[in-house]
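Participant: got a structure for you, letters missing:
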């Protein structure tokens, strides 16, 4: 178990280091970021002063070392737009994004796991085909189209739900569904396949032969074992998909989270914010992946009990 | 996500084509044809404005303007013409992006599969990293920095999916390398380049065709999403995603500006994905029957 944990930790740190480096290289690809942000029409002195202010002087290598030193001690510079530390700008928005993410994951689990089980049990009937079509649709319909069509129908035509803001329960409905579409598709497919694999095993036949009820066979013996695989996909796929989804969904519904912040920063070229936002999300994704690896290990006795 | 050519798990199918698959393939071919021949089909240029017939609804509604079958937008531009031109651009970008991904990922996967040791470990570490990074965000960063011209956009779309090709190619190369005919070629004194081109590549064609098709659909979604957010294809050039993004402001009164391109995106991704699944089934059967 210990060597396994060390391997997970090393992998996470290396990934984070690489992501930080990539964002640094990306922001310097186009020359000095302050020029791209401001464009022409600035005096030489003003430009020089701004470059000193945002600590963009010195060679690229020096800047990189300074950036990494800052990153380790939690300093990522100032936002070009409102000149506050980017850590503040981003952390102000963590909670709103977190709420939406939690709501989406809960909704996804609630829908996808029963759907996946149904899809596996009724594989050969129309119920199974219907489940697969739902999973398919979730992949094929981009979240922005799902969101836009919902806004058109439920806000403009039927006048049932509010479009912008995050004040009440009603505000959560459309963003949560729009975020969950792809997640439900991924998880339903995966639950179904994992259940199909497990339900074909000998111990399931044994459980039935013992005279256990079908519900107990499917839920305890089937889902209990398929669950291990399902956990891994929740972490691995959901984290990445949710990060991409939040960018789109938050900017459509003016949800005051990180996704909306990043799109706005990208449009006005506020690189320090963009850079730190990408790093924050990457940390979240890497942390979720690491947690997944660990919980996978805890759920699987072959890894949990392994000696090095 | 099982690997493509896994003869133990893959369900036995006869390679038959069911009803839904036939319809989907038909739609995909129709959409490709419309995109290719758009300049000769469409009644109006994608940028032609006619300010006298602005925001007119599609055929069958009141105030329909003759010739504008899917209505017009806020500048009196023909929605149908713009959508077809947009689809043309979206598909061009998707093909170019999928091809770039294939070149990068295929080469790296081939190298990783043929040369073991630190080269393989390094490439697979890159693959893991690419999977761990939420790519939409990196795309935002790059497009915002380098400005969104079509060259940058194509490169970003190409980098988006390379790791899938790399994984498939590496797994397949490793599987093939263990087979007797490759060993025989080594023994006969063939070099790595000769073996890669003569013996390995031909066997990679069918899994790569499947992955290419699935990548097409993913790239259409990524490109549309980026253009929708205003970071992909820039106006006035139409792309399906940017038409949905710009049409949002007129949604309460002129929903067709959004709905027509949105419907085309969904039709495209749906049909291409079903086609990819269909190809995957067929590829499995061929691998099995050998």
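Facilitator: Thanks, I have the structure now. Fair warning: this is a prediction, and the values are worked out from it, not measured in the lab.
Participant: the host helix or strand of residue A:291 vs chain B: in contact?
Facilitator: Using DSSP states H and E, the element containing residue A:291 is helix A:271-299. Yes: for helix A:271-299, a contact with chain B is found by CB under 8 Å from any CB of the partner chain, at A:271, A:274, A:275, A:277, A:278, A:281, A:282, A:285, A:286, A:289. In short, each C-beta sits where N, CA and C put it, glycine included.
Participant: same check, this time on stretch A:202-209
Facilitator: No: judged by CB under 8 Å from any CB, stretch A:202-209 and chain B are separated, with a smallest distance of 15.9 Å.
Participant: average pLDDT for stretch B:56-67?
Facilitator: Average pLDDT, stretch B:56-67: 74.
Participant: now that stretch: buried residues?
Facilitator: Using 16 or more other CB atoms under 10 Å in any protein chain shown as the test for burial, stretch B:56-67 gives B:56, B:57, B:58, B:64, B:65.
Participant: check whether the second one sits in a helix, strand or coil.
Facilitator: To tie it back to what came earlier, the one meant is residue B:57. coil (DSSP: H, G, I helix; E, B strand; the rest coil).
Participant: so it touches residue B:63, yeah?
Facilitator: Yes: in this structure, residue B:57 is within contact of residue B:63 by CB atoms under 8 Å, at 6.0 Å.
Participant: so, low pLDDT: which residues of the stretch 201-308 of chain A?
Facilitator: Low-confidence segments of the stretch 201-308 of chain A, defined by pLDDT under 70: A:232-233, A:235-236, A:303-308.
Participant: same thing but at 50, please
Facilitator: Within the stretch 201-308 of chain A, the stretches with pLDDT under 50 are A:308.
Participant: do chain B as well
Facilitator: Within chain B, the stretches with pLDDT under 50 are B:1-14, B:285-290.
Participant: which stretches of it form strands?
Facilitator: In chain B, no segments count as strands under DSSP state E.
Participant: any idea how many residues pack against residue 43?
Facilitator: Unless you meant another one, I'm taking chain A. By other CB atoms under 10 Å in any protein chain shown, 8 other residues sit near residue A:43.
Participant: oops, chain B please
Facilitator: Number of residues near residue B:43 (other CB under 10 Å) recorded here: 11.
Participant: show me what contacts it?
Facilitator: Residue B:43 makes contact with B:67, B:68, B:69, B:78, B:80, B:81, according to CB atoms under 8 Å, 6 or more residues apart in numbering or on different chains.
Participant: buried among those residues? Make that a PyMOL selection.
Facilitator: Filtering the contacts of residue B:43 down to the buried ones (16+ other CB under 10 Å) takes a single PyMOL command:
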select buried, chain B and resi 68+69+78+80+81
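Participant: flag every residue of the stretch 51-200 of chain B that's near chain A.
Facilitator: So far as CB under 8 Å from any CB goes, the stretch 51-200 of chain B lies against chain A at B:125, B:128-129, B:131-138, B:140-147.
Participant: now the buried members of the residues you listed.
Facilitator: B:128-129, B:131-138, B:140-146.
Participant: helices or strands up against the longest helix along chain A?
Facilitator: Criterion DSSP state H: the longest helix present in chain A is helix A:169-199. In this structure, helix A:169-199 packs against helix A:94-121, helix A:126-140, helix A:143-150, helix A:224-233, helix A:239-252, with contacts taken as 3 or more CB pairs under 8 Å, 6 or more residues apart in numbering or on different chains; DSSP states H and E.
Participant: report the angle between the axes of the second one and helix A:94-121?
Facilitator: Counting by axes from the mean of the first three to the mean of the last three CA atoms, to 10 degrees, helix A:126-140 points 150 degrees away from the direction of helix A:94-121.
Participant: what helices and strands are in contact with helix A:126-140?
Facilitator: helix A:94-121, helix A:169-199, helix B:256-289.
Participant: same list (these) but as a markdown table, adding distance to residue B:225 and mean neighbour count.
Facilitator: Output for these, formatted as a markdown table (distance: least, CB to CB, whole Å; neighbours: other CB atoms under 10 Å in any protein chain shown):
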| stretch | distance to residue B:225 | mean neighbour count |
| --- | --- | --- |
| helix A:94-121 | 17 | 19 |
| helix A:169-199 | 11 | 22 |
| helix B:256-289 | 10 | 21 |
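Participant: distance to residue A:156 added to those, as JSON lines?
Facilitator: Below are the helices and strands packed on helix A:126-140 laid out as JSON lines (distance: least, CB to CB, whole Å):
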{"stretch": "helix A:94-121", "distance to residue A:156": "22"}
{"stretch": "helix A:169-199", "distance to residue A:156": "12"}
{"stretch": "helix B:256-289", "distance to residue A:156": "11"}
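Participant: how about those, which one is nearest residue A:234?
Facilitator: Minimum separation from residue A:234 across those (CB to CB) falls at helix A:169-199, 6.8 Å.
Participant: for that closest one, give the mean pLDDT please.
Facilitator: 86.
Participant: residue of the stretch 1-150 of chain A closest to chain B, please.
Facilitator: residue A:140 (4.2 Å; CB to the nearest CB).
Participant: am I right that that residue is in contact with residue B:266?
Facilitator: Yes: counting by CB under 8 Å, residue B:266 is a contact partner of residue A:140 at 6.4 Å.
Participant: that older thread, show me the residues of the stretch 51-200 of chain B next to chain A that map onto helices.
Facilitator: If you go by DSSP H, those have B:125, B:128-129, B:131-132, B:135-138, B:140-146 in helices.
Participant: farthest-separated two in the residues you listed?
Facilitator: B:125 and B:144 (27.3 Å).
Participant: how far away is the spatially most central residue of chain B from chain A?
Facilitator: Residue closest to the average C-alpha location in chain B (CA atoms, centre = their mean): residue B:216, at 1.4 Å. From residue B:216 over to chain A the distance is 12 Å, taken as CB to the nearest CB, to the nearest Å.
Participant: quick one, what contacts the residue of the stretch 1-150 of chain A closest to chain B?
Facilitator: Contact partners of residue A:140, counting by CB under 8 Å, 6+ apart, are B:217, B:266, B:269, B:270, B:273.
Participant: please repeat the previous calculation with a cut-off of 10 Å.
Facilitator: Contacts here follow CB atoms under 10 Å, 6 or more residues apart in numbering or on different chains; on that basis residue A:140 touches A:181-182, A:185, B:217, B:220-221, B:265-274.
Participant: ditto for residue B:165
Facilitator: With contact taken as CB under 10 Å, 6+ apart, residue B:165 is in contact with B:98, B:101-110, B:127, B:204, B:207-208, B:211-212, B:215.
Participant: show me which of those residues are buried.
Facilitator: B:98, B:101-102, B:104-106, B:108-110, B:127, B:204, B:207-208, B:211-212, B:215.
Participant: contacts only, for residue B:240.
Facilitator: A:145, B:82-91, B:220, B:223-224, B:227-228, B:233, B:260-266, B:268.
Participant: which SSE is the nearest residue to residue A:214 once chain neighbours are set aside in?
Facilitator: Among residues not flanking residue A:214 along the chain, residue A:208 sits closest, at 7.8 Å (CB to CB, 6 or more residues apart in numbering or on different chains). Taking DSSP H and E as the criterion, residue A:208 maps to helix A:202-209.
Participant: that helix packs against which elements?
Facilitator: helix A:214-216 (3 or more CB pairs under 10 Å, 6 or more residues apart in numbering or on different chains; DSSP states H and E).
Participant: what packs against the helix it packs on?
Facilitator: Going by 3+ CB pairs under 10 Å, 6+ apart, helix A:214-216 lies up against helix A:202-209.
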